[in-house]
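Sequence and predicted structure, then a few things I'm wondering about:
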Amino acid sequence: MASKAKNPDYAALRELFRPHIDSFDYFLDEGLEKALLSIRPAEIADPSTGSKLRISFEKPHVLPPMREGRLSEPLFPFECRQARTTYKGEFRVDVAFQYDGGVVVRESFNFGHLPIMLKSKLCHLRGADPQKLVFHKEEATEMGGYFICNGLERLGRLLIIQKSNYPMGMVRKSFRARGAGYSDKAVVMRCVREDQSSVSLKLYYLQNGSARLGFWIRGREFLLPVGIVLKALIDTSDREIFVSLTCCYNDKYQREKGVVGTQLIGERAQIILDEVRTLSLLTRLQCLKHIGEYFQPVMDGFESESHETVAEAVLRDYIFVHLSNNHDKFNLLIFILQKLYALVDQTAAPDNPDALQNQEVLLPGHLVTIYVKEKLQDWLSKSRRLIQEEITKDKSFELKNLNHIKKILNRNSGSVGRAVESMIKLGRLNTASGLDLPQREGMTIQAERLNYCRFIAHFRSVHRGASFAKMRTTSVRKLLPESWGFLCPVHTPDGEPCGLLNHMTSTCCVASFYSSDGKIKDFLKIRMSILTVLVGIGMTPLTPKLERAGPPEVLHVLLDGCVVGSIASGKVEKAVAHLRSLKLFAVSGIPEDLEVGYVPLSLGGAYPGLYLYSNPARFIRPVRNLSHSSNGSQSIELIGPFEQAFMEIRCPDGGDGGRKESFPATHEEIHPTSILSVVANLTPWSDHNQSPRNMYQCQMAKQTMGFSSQALKFRADVKSYHLQTPQTPIVRTRTYSKYCIDEFPTGTNAIVAVLAYSGYDMEDAMILNKSSVERGMCRGHIYQTETIDLAKKLDRGDRVLEIFARSNDRKMKSSIDSDGLPYIGETIHPNEPWYSTYNTLTSVTKPTTLKGSEPVIIDYVAVDGTSSKNYMQKVNIRTRRTRNPIIGDKFSSRHGQKGVCSQLWPDIDMPFSAVTGMRPDLIINPHAFPSRMTIGMLLESIAAKGGSLHGKFIDATPFATSKDANQDNPSKPYSVVDELGPLLASHGFNYHGVEVLYSGVFGTELTCEIFIGPVYYQRLRHMVSDKFQVRSTGTVDQITRQPIGGRKRGGGIRFGEMERDAMLAHGAAYLLHDRLHSCSDYHIADVCSNCGSVLTATTIQPQKRAVREILGLPPARAPKSFTCHACETSKGMETVAMPYVFKYLAAELAAMNIKMELRLSNSAKATE
Amino acid sequence: GGGGGGGGGASYQRFPKVRIRELRDEYAKFELRETDASVANALRRVMLAEVPTVAIDLVEVEVNSSVLNDEFIAHRLGLVPLTSDAAMAMRFSRDCDACDGDGQCEYCSVEFHLAVRCDADQTLDVTSADLRSTDPKVCPVDVARALDADPTSYDSTAADQRGIIIVKLRRGQELRLRAIARKGIGKDHAKWSPAATVTFMYEPSIHINEEMMETLTLEEKSSWVESSPTKVFDIDPNTQQVVVIDPEAYTYDDEVIKKAEAMGKPGLVEIYPKEDSFIFTVESTGAIKASQLVINAIEVLRQKLDAVRLQEDTDLGELSAHLHGGG
């Protein structure tokens, strides 16, 4: 195989998983430590002695996963998967104790174990080459990026969250519900600290012209008048506030482009200041005291502090937490107020929260960081409470004694690790604060390895949020132009999660804490160098006490949500171009992924300004900067969705895309396929298909039975599908080789003839060649692993109660080995014993029988030897079921053309070609094409035919031709067929891929030429063997005596109302009676004709007569006689056939004190 | 050779003729004339699906620590073509009375053994050459061919004579099994099909309207000749006339007829398939020689006809009574 190079390059593949790993690496490297240091130390005072203890966190230590036991041997992921344990490393933190400001004593505390992401810095597989990975029983392509929890592979769900540190103008009806006088307008800002914890702030506009600053503390929203906050932040004067606020308005400009302020702003500023004055808060100190008094009850750990300290803490912990300097906070608040007023006066448009422009992504590492931080915070405050309780309760307890303290602290330290593990295991956040995240459930998902496409797609999927799934409106699901190049327009499921679950494009990445050379970014340094550059290109830095101007004269410059200065609107475009060119050079000190969000002046458009972002968790993607096109790779610029909306990016198809000459393109797409996700990129010639077909293919690619794993022998997945003989597609896209999909192929090159033959190919059915199937086409297996843990069965007893063992029963010896476990390679049929256990208490050996309806073959038996006991308690038994294609199995091409096998047709009956003698592997109906318009599939057939004759793989990258062909001859329409046709003709075949075929049954020529060629077909995992349902008689419901539902329980298929209607419409009365009565809950009830009751019949005990027993025959049963319990006579007893539910209904009604009476007439009797 | 039919009343008996064009061990090309498509197609169908061969049908795995599972290896073993010259004389195990139908006796089965273990650091290929047959007449075809070519220098371990790969073993892995090969037909399972491919084509009869052809210029002629994807026509360099050089290369694709119509010369050429003349191509898997495959197919076909003829009084009588007499 030509494509099988010695060492395949997995670098491109690795890039797809990087956001996950990078974010967790940062958590280990720096994030955790930063989070710990930002936790406020706890202070405990002993009222009796007056001594004070201060407990604070210092350095954290997370250790690589180790095996339990004294010998510290490394624990490998493979073992965790097999033993159904968690891949986790010990988590210790140095806790510092300080008495009365004296010497600091450090103690290392164990906080349990933290799950370690595979291939992260603490994983033993980090940097391992394929050989080493294979040695450790992993895939050669193991990419990591997920956790192993209880043997299951789980990864963090990438969630869309609001763009950090960007004030977003929003109009929402719900804002009015905040209170009387509130309007529906607000500016919302998600402020993010360096450790990625965030606090959202809302600045509401009041009808009277004022504004309120709102933020949440412990599930409650607090609203502060903005004037108080302004005054509390810095020592300032009313005049200064007034001037700062009104600077964005100038009489000079009337209704010009870019004017955002109106003259109303002066009045509003007055109102804000008046509000503060009416509260008689004049100085900063007064404001602080006011705030402190208000917040003291809700601030934990500030019970004994002064009001000012409380207020300072509120300002620090809840208001603009991304900024540390109060002057910066003040300036930002002024800026946001101006934006709010522009929004109210409609001089600036609201921002769309559903547009990717205003969004970023939550990464798993960041989630873990903030979750651990909160858990440690909780631990500290809980410990503080406990110690305080102990001081008051226990007289012998001494605060001075560190051992006493440690004893208390150790009590609940393990809970931190457990909480994180359970968060990853269940995806549920167990928090009081909500962590400023949109949802608490579904934070992690399981990485299924059904095939590699599905596996990759998990890591590339981005979810909009669970709360949107329930919303009736469809606006969030819309495909907006803002997501161009970042989210794939094709790769989203149809149905319920449509538009909410998107996938990143193949080139899209996420900005991380690491620069391209692998070093952690120093944001302080970066911001400094950006500032120097900005000043150098004409920005006026912001200094306090300086009267400023606003748009359209100057534009404010915000760097990571901090107002750093203003730049004259005439100079800004040059400045932006300069910044962009500096991004391209690493030496400039400007990060390559800096987002230069230049929002130009407009009439009623987005609020203008220059917004620079260097923070991580932003989407980024590469485009070519045309101003530097001369020097190759140097010209690749990373851009974000915020700046993209205001950039001029050309598509490389030769046209200008309707772009006016006044807006020349400054950038160019690298390749048109960069708008597609990895899976969508695998569809050959998807640009020739009708677009929904490509969506269907993305769905089906992820349901395909493929080569799911190369390390199949060492895996213990609960269920995995495996294709026995997969092939590499003849027609493939560039993406296919780029991401080494050959390692995990998913289909077969089947010779497909398009014709109506035998009628068995109607309505998307397809005919398979029986001989092809017998030669191995599309054959597969299902592997299932069952973990049997005998220790778990018991209720917590530490004694060994059950062990695996076999009894000496001859019957069992055939299928069960002496250890009580099945033989490997043995076929076990349903309801046969497959393992047996011995109960040490009752000394009973009990075999367990196989459930299900299919025979299985024992593939593998693994015993967990890690438990300290000498008995085998935990085993994995992997079974295998062969799944050869049969009638009813589902197949699909790569163009959204799915079909069900309707016949396995004998080879000799298939049409054949007189020239080559070829018979097709598969026949599909020509009607599959006209309405679906999957021209790509026809092209694939022609190309694969040419390719196989030529011995070459054919490149079918979508849009490839539009890029290359139009350069030299734009007038001539280009057609792929014109390239493929001559290839076929040169080998003596028809130019258009058709052939003369002969009927296999009659040997005569078919009247039409038949389109025939190889098409890559996928076998989907939906198979009849898992779905067929049949029942004649069986279990019935306990109460109603009707047949039960459900395939697993051997139930029937519901014959519902609509089916009943059809029967009635046909007048098929007897059939109806048969289905709904005779075959359902037919019952002969004894009814008393005197009182009309169905319920009163009771049996009379037949008198004990010596019934003569005839040998060999069952004793003759005395005929049962009934009597009416109510009438106390058996005279009127009659039998009536009725549905049993009717009797049940009578009973239910009786329970409600309603008597149901039946009137029996004699007419039926008369006919007898 | 030839087959024939007979019956009462008017005789439609024909005497088909066979002319062999090319004959190799695994390839045969012959003409079948003076019969019709039903016979030709019956012959094709029988060659593909009803000529018996021997193939591995039952595998008892003793040790298998290779990467492939038991069923996969059994399937691969089944597809290894075995020399089946004796297959016609063998018994189907389902109606073998020597072993009560369990298919393990010498009349209806051949036993194979395979025992390979890899002890070297290098990957070891387990191939068809490792199969040990209990019957020298039945063995994998590639082994048989190598033995035929030069029995003295045959070495089953030589790299170039390793045969069909069944599975690869790494150090410590082992494969030990017993396999039973039985007689069967391709209809039951493709592994018993002796033919890689069998096809026939109708011999075309091509008539060029010379008069009309002469009205064409040389360029037109050559573009017409070029329009056929296969080389059927050519231009005589001397006379500049269009000549048929290889009528059998014609694939009935109608390209030249369409071209003639496009040039405004309908009827320039007329091509018809001859209804009673077929050219067969037979490729064998090697299980039996291509020539023997044809002969065996005719034999099978004759047995089938015999079966019909013997049943004439009983079943067919009933059938005709049913067709004509029934209400």
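Sure, I can see it.

residues contacting residue 124?
Assuming you mean chain A. Contact analysis of residue A:124 by CB atoms under 8 Å, 6 or more residues apart in numbering or on different chains lists A:64, A:65, A:74, A:75, A:76, A:77, A:136. Where you see a C-beta, it was placed from the backbone N, CA and C, and this is true even at glycine.

try again with chain B
B:116, B:118, B:168, B:169, B:170 are the contacts of residue B:124 under CB under 8 Å, 6+ apart.

Could you measure from the nearest residue to residue A:1133 once chain neighbours are set aside over to chain B?
Distances taken as CB to CB, 6 or more residues apart in numbering or on different chains place residue A:1122 nearest to residue A:1133, at 4.9 Å, with adjacent residues excluded. Residue A:1122 is 54 Å from chain B, where distance means CB to the nearest CB, to the nearest Å.

just to revisit the earlier point, just the buried ones out of the contacts of residue B:124, please.
B:116, B:118, B:169 (16 or more other CB atoms under 10 Å in any protein chain shown).

part of a helix, is the first one?
No: under DSSP: H, G, I helix; E, B strand; the rest coil, residue B:116 falls outside any helix and is assigned strand.

Read off the pLDDT value for it.
pLDDT for residue B:116: 93.

Give me the phi and psi angles of the closest residue to it other than its chain neighbours.
Spatial nearest neighbour of residue B:116, chain neighbours left out: residue B:126 (4.8 Å); criterion: CB to CB, 6+ apart. The phi and psi values for residue B:126, taken as degrees, to the nearest 10, are phi -90, psi 120.

tell me, what residue is most central in the chain?
I went with chain A, as the question did not name one. With distances taken as CA atoms, centre = their mean, the residue of chain A nearest its centroid is residue A:157 (4.2 Å).

Wait, chain B was what I had in mind.
Centroid-nearest residue in chain B: residue B:195, 2.3 Å away (criterion: CA atoms, centre = their mean).

quick one, what contacts that one?
B:47, B:48, B:51, B:186, B:282, B:283, B:284, B:285, B:293.

okay if I get those residues as TSV plus neighbour count and distance to chain A?
Shown next, in TSV, are the contacts of residue B:195 (neighbours: other CB atoms under 10 Å in any protein chain shown; distance: CB to the nearest CB, whole Å):
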residue	neighbour count	distance to chain A
B:47	27	9
B:48	30	5
B:51	30	12
B:186	26	7
B:282	27	9
B:283	18	7
B:284	28	12
B:285	22	11
B:293	26	14
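
Looking at those residues, which are in helices?
Members of the contacts of residue B:195 lying in helices (criterion: DSSP state H): B:47, B:48, B:293.

what bridges to the residue nearest to the centre of chain B?
Applying DSSP bridges to residue B:195 gives these bridge partners: residue B:284.

Using PDB, write out every CA atom in stretch B:172-182.
C-alpha atoms of stretch B:172-182 as PDB (Å, rounded to 0.1, in the frame of the first residue of the first chain):
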ATOM      1  CA  GLY B 172       5.000 -16.200  21.200                       C
ATOM      2  CA  GLN B 173       1.900 -16.500  19.200                       C
ATOM      3  CA  GLU B 174       0.700 -19.800  18.000                       C
ATOM      4  CA  LEU B 175      -1.900 -21.300  15.700                       C
ATOM      5  CA  ARG B 176      -2.800 -25.000  15.800                       C
ATOM      6  CA  LEU B 177      -5.900 -26.400  14.200                       C
ATOM      7  CA  ARG B 178      -7.400 -29.300  12.300                       C
ATOM      8  CA  ALA B 179      -9.400 -28.600   9.200                       C
ATOM      9  CA  ILE B 180     -11.800 -30.800   7.200                       C
ATOM     10  CA  ALA B 181     -12.100 -30.100   3.500                       C
ATOM     11  CA  ARG B 182     -15.300 -31.200   1.800                       C
END
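
Thanks a lot, see you next time.
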